[in-house]
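Q: quick one, what's the 3D model for this:
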Amino acid sequence: GRSSVAKLDSMLIVASPADDRARGLAMYHGASTGRWAGKLIQPQNFPRGSIPNVEAFIPDVLAGAYEAIDLFAHPVVVVSSMLRSMLRAAPGNVLVAGDFSAIECRIVNWLAGQNDVLEHFRKYDAGDQNHNPYKIMAVRMGRGASVAEIQKPSDDYQAGKAAELGCGFGMGAEKFVKAAWDVYQLRVTLEEAENAVEIYRSTHQQVKGFWYETDAACRAAIESPGQVQVFGGRRNLRAVVAGAYLYLVLPGGRPLAYAAPRVVMAETPWSAKERARAAERIALGIPEVGDEELVPQMKAQIEFSGVHSITKKWCRQRTYGGHLVENIVQAVARDFLAEGMLRLESRGFGVVMHSHDEAVVEVPEDSPLTAAGLCDILVERPTWAVDCPLAGEGWKGTRYRK
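A: From the prediction side, this is the model:
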């Protein structure tokens with residue numbers, strides 16, 4: 001009954017009759033940020049899985065012993081949790097994987113010049129657990145009296161992680177509530193979300209300013225075609241309109257492109273929500289609805305043409321500073337991964353799969369390559385980001401896993 005289990009049919013279809021290899025699983029530049037998009041079995045959106053040590057169930061699944069499995073968990077849940085396990089190295093080989101740790105959080109703070117958070121990452125990477133940024137945020141949110149009290153994994157740790165990762169792009173409280181559940185299966189109240197958003201913005205002033213600076217730089221570029229706008233905490237980003245496009249040039253030199261850009265006056269999303277709530281109160285006969293609540297709040301906004309992420313149709317869209325920063329951060333993360341993959345290939349380690357911020361290579365069983373060794377290659381900093389703290393985590397084994 002789970003849609004994720006439908007991937008089993010896709011796996012059978014894509015497995016080559018000659019060698020059981022699955023090929024063509026990634027589309028180059030499938031996303032507007034330059035990231036690859038998943039194809040066929042869509043390895044980028046495998047469910048996280050809820051069964052610990054799921055590989056222990058493989059013999060029972062292969063034997064069809066579903067009644068025995070059902071003593072522990074529903075068989076469909078088990079099969080859904082082991083979808084990654086169904087991808088394995090060829091006989092005589094093993095998979096070695098490396099994943100950039102908290103890459104988007106590191107990048108947004110690096111680009112914004114939020115140096116205190118970067119210093120926490122550097123000390124944490126050096127082994128000081130008291131500088132774990134997620135635990136620090138959890139304490140700020142009132143989830144514990146000290147960093148030492150926050151255990152990993154726990155709901156308190158997940159709350160700090162959700163805030164540190166999710167609030168970096170201007171997320172509001174209502175969206176935080178949804179994201180906390182969708183991404184981390186963490187339930188938070190609207191009041192807790194409002195508190196988290198307020199704390200993040202008050203302790204990440206450079207990141208908050210980065211949203212507005214990005215928006216202003218892009219609007220200035222649109223209004224003055226041909227003039228380059230330099231922005232960001234490290235002054236390593238540029239915005240310029242050339243021809244029919246707004247280009248956001250990343251630190252590595254690669255541009256993001258937005259077609260037919262223009263600046264329009266439009267109602268802000270929060271104004272539309274406030275007016276909708278006021279209209280509901282009027283309809284219910286609730287008094288004390290002020291006239292100001294019914295007046296739309298207008299703001300200069302950036303509009304461009306592009307493919308809608310949900311409808312997949314070409315249309316006019318609007319964007320803002322926080323969303324543009326998200327695009328930039330994901331694009332920079334993609335560039336880190338791309339350069340890391342090229343380094344792995346140049347040193348004789350063929351990349352057989354990659355997903356988001358992770359690269360997977362296949363090597364003979366007796367290869368000296370370790371997960372730590374692969375991560376060291378993956379996170380080598382390019383010349384355009386020598387001061388960005390990068391770190392990675394990895395694993396080595398026969399079957400793919402998270």
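Q: for the chain, which strand is longest?
A: Criterion DSSP state E: the longest strand present in the chain is strand 255-267.
Q: that one pairs with which strands, parallel or anti?
A: strand 245-249 (antiparallel), strand 298-307 (antiparallel) (DSSP bridges).
Q: would you confirm that Y245 contacts P261?
A: Yes. If you go by CB atoms under 8 Å, Y245 and P261 touch, sitting 7.2 Å apart. Any C-beta I mention is one placed from the backbone N, CA and C, and that applies to glycine too.
Q: with neighbour numbers in mind, choose between the two.
A: P261 (23 against 17; other CB atoms under 10 Å).
Q: ok, for that one, nearest residue in space, not its chain neighbours?
A: L246 (4.0 Å; CB to CB, 6 or more residues apart in numbering).
Q: for that neighbour, give me its contacts.
A: Contacts for L246 (CB atoms under 8 Å, 6 or more residues apart in numbering) come out as 218, 221-222, 239-240, 257-258, 261, 302, 304.
Q: ok, what's across the strand from it?
A: Here L246, judged by DSSP bridges, has bridge partners V241, Y258.
Q: how far away is it from V197?
A: 28 Å (CB to CB, to the nearest Å).
Q: what does stretch 233-240 rub up against?
A: So stretch 233-240 is contacted by 110-114, 206, 210, 214, 217-218, 220-221, 226-231, 246-251, 328, 384, 387 (CB under 8 Å, 6+ apart).
Q: strands - which of those land there?
A: Using DSSP E, the contacts of stretch 233-240 in strands are 229-231, 246-249.
Q: what does stretch 40-53 contact?
A: 4, 7, 10-11, 13-14, 22, 24-26, 36-38, 57, 73, 77-78, 80-84, 87, 353, 355-356, 402.
Q: likewise stretch 147-165?
A: 102, 104-105, 129-130, 132-141, 143-144, 176, 179-180, 183-184, 186, 188, 192, 196-197, 199-200.
Q: looking at the ones in strands among the contacts of stretch 233-240, which is nearest G397?
A: L248 (39.1 Å; CB to CB).
Q: show me where the stretch 51-200 of the chain has strands.
A: With DSSP state E, counting those that start in this stretch as the criterion, the stretch 51-200 of the chain has strands at 93-100.
Q: please tell me how far the residue nearest to the spatial centre of the chain sits from G64.
A: Nearest to the mean C-alpha position of the chain, by CA atoms, centre = their mean, lies E104 at 6.4 Å. Distance of E104 to G64, given as CB to CB: 42 Å.
Q: try K313
A: Distance from K313 to G64, by CB to CB: 44 Å.
Q: next: G392.
A: Applying CB to CB to G392 and G64 gives a distance of 39 Å.
Q: contacts only, for I103.
A: So I103 contacts 333, 336, 357, 390 (CB under 8 Å, 6+ apart).
Q: mind listing the strands for the stretch 301-402 of the chain?
A: Under DSSP E, counting those that start in this stretch, the stretch 301-402 of the chain gives strands at 314-319, 351-355, 358-364, 392-397.
Q: using a markdown table, please lay out the ones you listed together with distance to E149, mean pLDDT and mean neighbour count.
A: Converted to a markdown table, those look like this (distance: least, CB to CB, whole Å; pLDDT from 0 to 100; neighbours: other CB atoms under 10 Å):
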| stretch | distance to E149 | mean pLDDT | mean neighbour count |
| --- | --- | --- | --- |
| strand 314-319 | 40 | 94 | 13 |
| strand 351-355 | 34 | 93 | 20 |
| strand 358-364 | 31 | 96 | 21 |
| strand 392-397 | 24 | 95 | 18 |
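Q: can I get those strands in a markdown table with distance to L342?
A: Formatted as a markdown table, the strands of the stretch 301-402 of the chain follow (distance: least, CB to CB, whole Å):
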| stretch | distance to L342 |
| --- | --- |
| strand 314-319 | 30 |
| strand 351-355 | 9 |
| strand 358-364 | 10 |
| strand 392-397 | 16 |
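Q: of the ones you listed, which approaches C375 most closely?
A: It is, among these and with distance given as CB to CB, strand 392-397, at 3.4 Å.
Q: what's the PyMOL syntax to select whichever of the contacts of stretch 147-165 are buried?
A: Burial among these is assessed by 16 or more other CB atoms under 10 Å; the matching PyMOL selection reads:
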select buried, resi 102+104+105+132+133+134+135+136+137+138+139+140+141+143+144+176+179+180+184+186+188+192+196+197+199+200
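Q: relative to strand 255-267, how tilted is the worst-scoring helix or strand of the chain on mean pLDDT?
A: Lowest mean confidence among the helices and strands of the chain (mean pLDDT, DSSP states H and E): helix 269-283, at a mean of 71. Relative orientation of helix 269-283 with respect to strand 255-267: 30 degrees, computed using axes from the mean of the first three to the mean of the last three CA atoms, to 10 degrees.
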